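Visitor: Next comes the sequence, and after it the predicted model I'd like to discuss.
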Amino acid sequence: MTKKEDNDTAQLDTSPVDIWVGVPLGGGQMKDPVAPNDIRRWSQGMQNCNPLYYDEEIAEAAESRFGELVAPQSFAVCTDDSHGAAPAIQGNIPGTHMLFGGDEWWFYGPRIRPGDKITRSRMLFDYKVSQTGFAGPTMFSRGDTEYVNQGGEFICKQRSTSIRYLAEEARNRAQFNEETDPTWTEEQLIEIERKKMAYFERVQDEQHQRKLNVLAGEQLPERLIGPHSVASFTTEWRAYPFTIWHTFRPDGLPSSLYEAGWLPEMSRDFGKGAIDPTHLDGLYHGPSRGHVQPEYAQLIGLPRAYGYGASMGAWILDYINLWGGAWSDIIHSKFSYRTPAMTGDLTILNGEISSVREDTMTGQPLAVVQVRMTNQNDDVLATGGAEVRLPTLELPLAGKR
């Protein structure tokens with residue numbers, strides 16, 4: 001419900017959210033184990049060209065750490081049916097939409113491999129309401145998703161921040177007004193592709209190397225993604241298994257995700273979906289259609305088709321993993337997302353090592369990596385940092401499980 005004060009300032013009634021805080025939440029669980037092509041499709045969708053994630057001959061090489069295909073650490077989010085955001089979208093607030101506000105991850109060591117059956121537990125952690133220039137009263141809610149494999153091993157925990165706001169208020173404020181994609185010259189596009197190729201040539205050259213002698217102040221190589229398009233956003237979307245018909249089944253626990261107050265145009269129709277599953281797809285119909293259909297992006301206050309917060313998070317985790325190599329492990333990361341990537345824009349990632357210390361648990365070096373994600377206009381898309389456990393010469397091969 002929306003309340004108005006005497007000065008006609010929109011307000012959010014968050015009381016429907018309160019009853020969901022701290023409640024074990026339901027959702028979908030994957031029916032089938034992770035398949036090699038799930039990992040390959042994810043790498044393709046996120047433009048992660050490290051062959052360790054798609055070429056089994058390279059992944060099984062004698063010098064390879066794991067001796068088989070394993071998923072990048074970013075892969076966990078695609079084993080969920082809502083990008084890990086569902087716990088942060090609870091309680092009915094009519095007329096609202098949501099954007100991703102950030103992710104915090106804790107990784108516990110085990111990697112996801114083909115054959116793993118990943119299950120999740122979910123809970124709304126907390127929320128607060130702040131005034132924003134984008135939409136006035138805006139809820140920042142945080143929800144936790146824990147990822148566990150079939151052996152009971154905890155893979156990781158994700159704390160996702162959801163930005164919930166009144167779509168009408170965002171439209172009225174029209175903070176974004178760039179309704180057309182930027183124009184790129186042929187020379188600019190050639191230079192972008194040259195830089196991409198140089199970056200991935202370096203990744204290929206260093207795929208089996210151990211990242212040793214890392215020092216504070218070291219700069220990570222710059223990575224470019226884009227320019228983005230409806231085609232690239234669609235490729236990303238299809239990398240998430242939940243976008244394939246009936247890959248998940250409900251676990252029977254309660255959730256108000258589908259009654260969160262979505263606009264009618266952004267809601268799923270379960271009656272029609274039982275006949276034609278595209279009505280449950282999210283992209284053709286439902287809350288994600290603004291990502292590839294500009295008229296629905298404008299309905300929720302954005303100027304044109306825009307990218308996914310979960311993909312932004314994956315780009316950052318992949319960027320750090322690609323720098324650290326297969327022998328390094330992200331153990332904790334926390335990033336806030338400022339604005340989505342939009343069609344026609346270029347995404348640019350830069351990073352720096354702010355400190356290196358000894359990990360008291362393992363004796364290995366622990367590097368703190370600060371990452372800044374911007375577009376071609378130097379607008380900030382995301383910022384944050386991660387702790388990366390680095391290898392030593394003595395670190396043994398992990399081998400096949």
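Guide: Perfect, I can see it now.
Visitor: Quick one: the strands in the protein, in order.
Guide: Along the chain, counting by DSSP state E, strands occupy 2-4, 10-12, 24-25, 28-30, 96-107, 119-132, 136-148, 154-166, 219-225, 248-250, 329-337, 347-358, 365-374, 380-389.
Visitor: what pLDDT, on average, does the third one get?
Guide: To tie it back to what came earlier, the one meant is strand 24-25. Averaged over strand 24-25, pLDDT sits at 97.
Visitor: dump the residue contacts of the residue most central in space within the chain.
Guide: The geometric centre of the chain, computed from its C-alpha atoms, lies nearest to residue 310 (Cα atoms, centre = their mean), at 1.9 Å. Residues in contact with residue 310 (Cβ atoms under 8 Å, 6 or more residues apart in numbering) are 77, 78, 83, 84, 85, 100, 103, 240. C-betas here are computed from N, CA, C, even on glycine.
Visitor: Going by neighbour count, which of those residues comes out on top?
Guide: Counting neighbours by other Cβ atoms under 10 Å, residue 84 leads the contacts of residue 310 with 31 neighbours.
Visitor: list the contacts for that one?
Guide: The contact partners of residue 84, by Cβ under 8 Å, 6+ apart, come to 77, 103, 143, 145, 158, 160, 310.
Visitor: at 6 Å what do you get?
Guide: Applying Cβ atoms under 6 Å, 6 or more residues apart in numbering to residue 84 gives the contacts 77, 145, 158, 160.
Visitor: out of the contacts of residue 310, who's nearest residue 43?
Guide: Distance to residue 43 across the contacts of residue 310 (Cβ to Cβ) is lowest for residue 78, with 10.7 Å.
Visitor: The closest one contacts residue 42, correct?
Guide: Yes - if you go by Cβ atoms under 6 Å, residue 78 and residue 42 touch, sitting 5.5 Å apart.
Visitor: Do you know the pLDDT at the residue nearest to the centre of the chain?
Guide: pLDDT, residue 310: 94.
Visitor: Over to residue 7?
Guide: 42.
Visitor: for residue 282, same thing?
Guide: pLDDT recorded at residue 282 is 82.
Visitor: Identify the residue spatially nearest to it, adjacent ones excluded.
Guide: In space, and not counting its chain neighbours, residue 282 is closest to residue 288: 4.0 Å by Cβ to Cβ, 6 or more residues apart in numbering.
Visitor: The stretch 151-300 of the chain: helices as residue ranges?
Guide: Secondary structure of the stretch 151-300 of the chain (DSSP state H, counting those that start in this stretch): helices at 167-173, 186-205, 230-237, 270-273, 294-299.
Visitor: Quick one: the strands of the chain as TSV, columns for distance to residue 210 too.
Guide: Listed next are the strands of the chain as TSV, based on distance: least, Cβ to Cβ, whole Å:
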stretch	distance to residue 210
strand 2-4	56
strand 10-12	50
strand 24-25	40
strand 28-30	33
strand 96-107	19
strand 119-132	32
strand 136-148	27
strand 154-166	23
strand 219-225	17
strand 248-250	38
strand 329-337	12
strand 347-358	15
strand 365-374	11
strand 380-389	12
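Visitor: With respect to residue 49, which of these lies nearest?
Guide: strand 219-225 (10.6 Å).
Visitor: low-scoring pLDDT stretches of this protein, where are they?
Guide: Filtered on pLDDT under 70, the chain yields the residue ranges 1-9, 397, 399.
Visitor: mind checking how far residue 356 is from residue 387?
Guide: Applying Cβ to Cβ, to the nearest Å, the value for residue 356 to residue 387 is 10 Å.
Visitor: what about these two, which has more around it?
Guide: residue 387 (20 against 17).
Visitor: Give me the neighbour count for the closest residue to that one other than its chain neighbours.
Guide: Ranked by Cβ to Cβ, 6+ apart and with sequence neighbours excluded, the top spatial neighbour of residue 387 is residue 332, at 4.6 Å. Applying other Cβ under 10 Å, we find 17 residues neighbouring residue 332.
Visitor: So residue 332 sits against residue 385, correct?
Guide: No - using Cβ under 6 Å, residue 332 makes no contact with residue 385, being 9.0 Å away.
Visitor: follow-up on the earlier one: and the residue nearest to residue 387, bridged to which residues?
Guide: Going by DSSP bridges, residue 332 is paired in beta bridges with residue 106, residue 387.
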